[in-house]
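> Coordinates only, no sequence provided:
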């Protein structure tokens, strides 16, 4: 029989909040973490990928442990990106809907700091923050974390690399007696070093069933392409997924911009996300993606951290990730909450052998994705051309007299005849272009 949240020690107020969210059965990581955080005095290291319910695994017991009679900041939750911090903040606010005495604050970069300083003048029990913004507020003496009881490091594997300096500053300024709860999708050497340096000797290690849940429901595929056909193969794949939402990962910001521009030219419903964009633009793109106004997100690895969008049908690795850890995070965007998903990696010939390294290291199995043949690619590009015509706005600057002359030329054609002639014209033009490019090789 499945355990209930009441079996784990979660109080009635929080159970009511969970019931209203239709969350009734604890996930594997919640069953393992909640009793440790609630009932023991030890630090905790939890190995769990995004999508396993880890926010509730630390959020629910933390909310229950808060002493509302005290006005001090008792818990700090750190996340590597503003998007993830915002998501955690929203989740905790929802969990605490029936516990109004608990005061929660979200402290993120990319938005004005003054309102956050003002907010911190009132009682605050739990802070969800990005490391850089928290360091800034500590330096301004806007927040006191000297009496901290609990520190949570979520997606810690990202923070020990890109944000290590800020993380060190924060950890040096909090009591050694606090309890630390570290959540990570991968157990890298840097994470092991952090555990050794900053956590107590009595650390409880728990792990979600990574061998199954970590990759459950994800179909890992790869396709080998020539550089010249890479974009065409991607666009053919995207057309087969019309109506589904997905994320395409690129290695650099420049590559994200270039690919997003090409998709926009071909009228795909897409947006770009990377760290050099202003926070306002990132928020707008993420909002459009979450609400289903755009179907495709083209992103860098760090920018995509914290994206928790349900019903994400696929992810595409347009560039092979640099590390095994990055692949885990990328593919983990899909197949959430028991759903199915596809992770497609597009490779060039010299990269193909690396698939076996990923299989061996991560304990997963890749199958070959059937690449579209030349005719299918050509037909797909023709459909994209037709879509571009359909979505082209009329040119209001063309005079009525000139339009009338053009209409006279097509006057005797039926709609079907006009489509056939335009299509034949396009095909003959592309055939000529292709033969010329072939001759020049």
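Arrived safely, thanks for sending. Not measured: the values here are computed from a predicted model. Numbers count the residues shown, from 1 in each chain.

> only C-alpha atoms for contact and neighbour calcs from this point on.
Noted.

> would you list every one of the strands in the protein?
With DSSP state E applied, the chain shows strands at 43-47, 75-78, 104-107, 126-129, 150-153, 179-184, 203-207, 218-225, 245-249, 270-273, 296-299, 312-317, 341-348, 367-368, listed in chain order.

> Could you list the paired strands of the fourth one along with their orientation?
Strands adjacent to strand 126-129 in the sheet, as given by DSSP bridges, are strand 75-78 (parallel), strand 104-107 (parallel).

> Give me whichever of the ones you listed is most buried.
Comparing the strands paired with strand 126-129 by mean neighbour count (mean count of other CA atoms under 10 Å), strand 75-78 comes out on top with a mean of 25.

> Look at residue 203 and say how many residues are nearby.
Other residues within reach of residue 203, judged by other CA atoms under 10 Å, total 17.

> Any idea what it is bridged to?
residue 43.

> still on that earlier bit, now tabulate the strands paired with strand 126-129 in JSON lines and tack on distance to residue 262.
Shown next, in JSON lines, are the strands paired with strand 126-129 (distance: least, CA to CA, whole Å):
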{"stretch": "strand 75-78", "distance to residue 262": "36"}
{"stretch": "strand 104-107", "distance to residue 262": "36"}
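
> Figure out which of the ones you listed is closest to residue 253.
Closest to residue 253 of these, according to CA to CA: strand 75-78, at 24.7 Å.

> measure residue 394 to residue 201 for me?
Separation of residue 394 from residue 201 (CA to CA, to the nearest Å): 70 Å.

> So for the two, which sits in the more crowded spot?
Taking neighbours as other CA under 10 Å, residue 394 and residue 201 compare with residue 201 leading, 11 against 7.

> State the pLDDT value of residue 441.
In this model, residue 441 is scored at 46, pLDDT.

> now do residue 102
So, for residue 102, pLDDT stands at 96.

> and it, what does it touch?
63, 66, 68, 96, 124-126 (CA atoms under 8 Å, 6 or more residues apart in numbering).

> now with 10 Å?
Residue 102 sits next to 63-64, 66-69, 71, 93, 96, 123-126 when contact means CA atoms under 10 Å, 6 or more residues apart in numbering.

> Looking at those, which is nearest residue 230?
Comparing the contacts of residue 102 against residue 230 with CA to CA places residue 93 closest, at 43.8 Å.

> wait, isn't the closest one in contact with residue 103?
Yes. Contact criterion CA atoms under 10 Å: residue 93 and residue 103 qualify, at 9.1 Å.

> who touches both of the two?
Counting by CA under 10 Å, 6+ apart, the residues touching both residue 93 and residue 103 are residue 63.

> Show the buried residues in the contacts of residue 102.
Buried members of these, scored by 16 or more other CA atoms under 10 Å, are 63-64, 66, 68, 93, 96, 123-126.

> Below-threshold pLDDT in this structure: ranges please.
Residues of the chain meeting the criterion pLDDT under 70: 1-2, 50-51, 161-162, 209-216, 303-308, 335-339, 431-441.

> Show me it divided up by domain.
Split into domains by automatic domain parsing, the chain comes to 12-207, 218-374, 393-439.

> got CSV for those, with distance to residue 384 too?
Output for those, formatted as CSV (distance: least, CA to CA, whole Å):
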stretch, distance to residue 384
domain 12-207, 33
domain 218-374, 6
domain 393-439, 12
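
> Relative to residue 380, which of those is closest?
Of the domains of the chain, nearest to residue 380 by CA to CA is domain 218-374, at 6.0 Å.

> what distance separates the start and the end of that closest one?
With CA to CA as the measure, the ends of domain 218-374 fall 28 Å from one another.
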